[in-house]
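Enquirer: Provided below for reference: sequence and predicted model.
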Amino acid sequence: MRVAWTLLWKDLATEWRSRDRLVAMIVFSMLVIVVFQFGWPPMKPAEMERFAPGVLWVTYVFAAVIGLGRTFAMELENDAMTALALAPGTRGWIFLGKAGATWLLISLVQAMTAFVFALFFRVDLASGIAGSALVAGLANVSICSVGTLLSAMSVRSRFRDVLLPVLLIPTLIPVLAAAVRGSTATFAGQAAPFDALQPLIVIGGIYSILCFLLFDFVLDE
Amino acid sequence: MNVTPNPPDRIARAQRVLGWILLALSPVYAWAVVRAPTDSIQGTMQKILYVHPPLAYGAYLGFVVTAVAGGLFLWRGRERDDQLAIAGAEVGTVFCTLMLITGPIWARGAWGPGNWWVWDARLTLTLLLWFVYLAYLLLRSFTEGDERTARFASIYGVLCVVLIPLNYWIIDLVGGRAQHPKNIEGGSLGEGMGFPFLMGNLTLFFAFAYLLVLRWRVGVLRAESELRAWEGDAAR
């Protein structure tokens, strides 16, 4: 367990000093939102609200892919991956530390993206903010658990930048469907519906446990 | 990775037996399809029924084989298990692709012009399964090192087999349009269609099994010849 805390702290401290991933994800998210503006016909804010959950979740997933791609890339320098593999105890804790740090970063980026989106497109996202945060927080558990596992694999492959989204996105479709369903209700000011929270909790639980166990096989001996 | 040095006799024997069964079943299957009654509404095109659902079963079976063999590889580290996982994925991809091709042909005829594709629960699920198959094969070709490739692919196979029930549940939940009829589950196939449908399932199941074992054998033989070449180099 201490390994997980140490890694989480190390990743956050590294990020705080460099701010590489954070800046990249935020700039990318804003760009995607701007691109969307040119991709649809002129619309009133009320109409825009119908598209908001879809647009935001597509942006979130793409930004997450960028962030997750760097999760283990920085460990390649000075062969820190080998050092990680040598850490005492279950390797699942390494996974948990990494996934936890990514969860915090991605959540922060999502909050900022939603704020910018609401500002640019005059969409009221404030009324159901607690429900939206809950939906996003739960969905991020799945995104970060599968993403961390697949990132540790793809970083050791050729064309890793292409491989990660190709591997990750199909696994996130059920999460995305439930999250969009949940956000549609919370953006309209309603409470998060149970039939969106239930799959997010179940999928998040299954993915986390499975990835915790499978991570043992990812790092090279 | 542990490579078992014995020649794959049992795999070869299984391949031969499956080949003979397939050879015996195929003419009966063809005859049954030709003799099957023509549908009063859809006409001859409805006979795609004797190909399309059996392909779907093969596609799912391939994925289960890949995941189970991947799990066994992670557990025991035997190269042969990994070769079975590759075979499952490749044959499954072929079946999945053929299902995705035959489906829209039937859909256009049955659901009206322009209906090549609808976001029906089963269609969506199959498309996702196809993407997972492609991702699995890409992961294999992009990863370097035999042992690492086998390990990573096995992990992905095990992770993604969970995805099938999850997707089914979520697509049902978010209200994917149910376009597929339920008469196969309900046992209400038209008169005279039961036998050719059964033959279709049997024949394509054996076609799946034959191709799977054939591909498995090729993989095992290739791994063995590589090992022998490596041992020869080492002895020199």
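Expert: Yep, it's here.
Enquirer: Check the offset of the strand or helix carrying residue B:10 from the chain's centre.
Expert: Residue B:10 is located in helix B:9-35, with elements delineated by DSSP states H and E. With Cα atoms, centre = their mean, to the nearest Å as the basis, helix B:9-35 stands 17 Å off its chain's centre.
Enquirer: cool, and stretch B:95-106?
Expert: Using Cα atoms, centre = their mean, the offset of stretch B:95-106 from its chain centre is 13 Å.
Enquirer: ok, it near chain A or not?
Expert: No: judged by Cβ under 8 Å from any Cβ of the partner chain, stretch B:95-106 makes no contact with chain A; its nearest approach is 12.9 Å. Where C-beta positions appear, they are placed from N, C-alpha and C, glycine not excepted.
Enquirer: Extract the C-alpha trace of that stretch and format it as CSV.
Expert: Output in CSV follows, covering the C-alpha atoms of stretch B:95-106 (Å, rounded to 0.1, in the frame of the first residue of the first chain):
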residue,chain,number,x,y,z
PHE,B,95,-16.2,-15.1,-38.7
CYS,B,96,-17.0,-11.7,-37.2
THR,B,97,-16.1,-9.9,-40.5
LEU,B,98,-18.3,-12.3,-42.5
MET,B,99,-21.1,-11.8,-40.1
LEU,B,100,-20.8,-8.0,-40.5
ILE,B,101,-20.9,-8.4,-44.3
THR,B,102,-23.8,-10.9,-44.4
GLY,B,103,-25.9,-8.9,-41.8
PRO,B,104,-26.3,-5.6,-43.8
ILE,B,105,-27.0,-7.6,-47.0
TRP,B,106,-29.9,-9.3,-45.2
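Enquirer: if we look at it, which residues are touching it?
Expert: B:45-46, B:48-49, B:51-52, B:55-56, B:58-59, B:62, B:116-117, B:123, B:126-127, B:129-130, B:133, B:208 (Cβ atoms under 8 Å, 6 or more residues apart in numbering or on different chains).
Enquirer: for the record, mean pLDDT for it?
Expert: Per-residue pLDDT over stretch B:95-106 has a mean of 90.
Enquirer: Now do the helix holding residue B:10: which elements does it pack against?
Expert: helix B:194-235 (3 or more Cβ pairs under 8 Å, 6 or more residues apart in numbering or on different chains; DSSP states H and E).
Enquirer: what's the average pLDDT for the helix it packs on?
Expert: 90.
Enquirer: Confidence-wise, which helix or strand of chain B is lowest on average?
Expert: helix B:163-173 (a mean of 80; mean pLDDT, DSSP states H and E).
Enquirer: Now tell me what touches that helix from outside.
Expert: So helix B:163-173 is in contact with A:170-171, A:173-174, A:177-178, A:181, A:195, A:199, A:203, A:206, B:60, B:63, B:121, B:124-125, B:128-129, B:132, going by Cβ under 8 Å, 6+ apart.
Enquirer: Buried members of these into ChimeraX, please.
Expert: Selection of buried members from the contacts of helix B:163-173 for ChimeraX, criterion 16 or more other Cβ atoms under 10 Å in any protein chain shown:
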select /A:170,171,173,174,177,178,181,199,203,206 /B:60,63,121,124,125,128,129,132
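Enquirer: tell me which parts of chain B are close to chain A?
Expert: Residues of chain B lying near chain A by Cβ under 8 Å from any Cβ: B:74, B:128, B:131-132, B:134-135, B:138-139, B:142-144, B:148, B:151-152, B:154-156, B:158-160, B:162-163, B:166-167, B:169-171, B:173-174.
Enquirer: In chain B, which residue sits nearest chain A?
Expert: residue B:170 (3.9 Å; Cβ to the nearest Cβ).
Enquirer: Find the residue closest to that residue in space, skipping its chain neighbours.
Expert: residue A:174 (3.9 Å; Cβ to Cβ, 6 or more residues apart in numbering or on different chains).
Enquirer: Regarding that neighbour, what is its secondary structure?
Expert: helix (DSSP: H, G, I helix; E, B strand; the rest coil).
Enquirer: got the contact list for whatever residue of chain A ends up closest to chain B?
Expert: As assessed by Cβ to the nearest Cβ, chain B sits closest to residue A:174 within chain A, at 3.9 Å. Applying Cβ under 8 Å, 6+ apart to residue A:174 gives the contacts A:199, A:203, B:163, B:166-167, B:169-170.
Enquirer: Then residue B:140?
Expert: Residue B:140 neighbours (Cβ under 8 Å, 6+ apart): B:86, B:89, B:149, B:153.
Enquirer: and with 6 Å instead?
Expert: Residues in contact with residue B:140, defined by Cβ atoms under 6 Å, 6 or more residues apart in numbering or on different chains, are B:149, B:153.
Enquirer: Could you dump the contacts of residue A:174 into a markdown table and include distance to residue B:196?
Expert: Listed next are these as a markdown table, based on distance: Cβ to Cβ, whole Å:
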| residue | distance to residue B:196 |
| --- | --- |
| A:199 | 39 |
| A:203 | 40 |
| B:163 | 33 |
| B:166 | 34 |
| B:167 | 31 |
| B:169 | 33 |
| B:170 | 35 |
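Enquirer: Name the residues of the least confident helix or strand of chain B that come out as buried.
Expert: Neighbour-count burial for helix B:163-173 [16+ other Cβ under 10 Å]: B:163-164, B:166-171, B:173.
Enquirer: same question, stretch B:105-112
Expert: B:106-107, B:109-110.
Enquirer: Among these, find me the one that's closest to residue B:217.
Expert: residue B:106 (33.9 Å; Cβ to Cβ).
Enquirer: Secondary structure element holding the closest one?
Expert: Here residue B:106 is assigned to helix B:79-111, by DSSP H and E.
Enquirer: quick one: the next helix or strand along the chain from that helix to chain centroid distance?
Expert: Sequence order places helix B:121-142 as the next helix or strand after helix B:79-111, per DSSP H and E. Mean-position distance between helix B:121-142 and its chain equals 12 Å (Cα atoms, centre = their mean).
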